[in-house]
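Engineer: One predicted model, sequence on top.
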Amino acid sequence: MIDRIDRQEPIFPIGTAAKILGVSVHTLRMYEREGLIIPYKKESNQRLFSKADIERIECIRRAINDSKISINGIKSIYSLIPCWEIINCSEEDRNNCKSYKSHGEPCWSFKHPGTVCAEKECRNCEVYNKYTQCGEIKELIKSISR
């Protein structure tokens, strides 16, 4: 059944997502505060998670538990995703972008005034959505190094 669900469709309430992942609701909220995830929020502020969100959190959990990477380490890895290449930022946008100049936070953690991303919702951005699984980030890094 879960295989037939659109990966991006936010359908799992935070409690259900926590049960699927075997973590506490508090842990999911902490990942959100730390900028590792961007759950969908209804007008009532209820958080909903998609299958892609679940995959991202599974990757985060493996990095923490199996690879012993800290949350700050994960944020640094996410900050290395070349968002400017993925969305084809102009040189001017790069010069105005805190994410381009930073190395400790993922691009979706920043506000982007004065750039092509200013009007984009990060949760819907290709940079955030395309790299939900650990292997995808590794493949991106490999492709850049060629």
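Structural biologist: Cool, got the structure. Residues are numbered from 1 along each chain as shown.

Engineer: what packs against the lowest-mean-pLDDT helix or strand in the chain?
Structural biologist: Scoring the helices and strands of the chain by mean pLDDT, DSSP states H and E places helix 134-144 at the bottom, with a mean of 81. Helices and strands touching helix 134-144, as assessed by 3 or more C-beta pairs under 8 Å, 6 or more residues apart in numbering; DSSP states H and E, comprise helix 51-65. For glycine as for every other residue, the C-beta is placed from the backbone atoms N, C-alpha and C.

Engineer: and G114, what is it in contact with?
Structural biologist: If a contact means C-beta atoms under 8 Å, 6 or more residues apart in numbering, then G114 has D93, N96 as its contacts.

Engineer: what's the angle from the least confident helix or strand of the chain to helix 51-65?
Structural biologist: Orientation of helix 134-144 against helix 51-65 (axes from the mean of the first three to the mean of the last three C-alpha atoms, to 10 degrees) gives an angle of 80 degrees.
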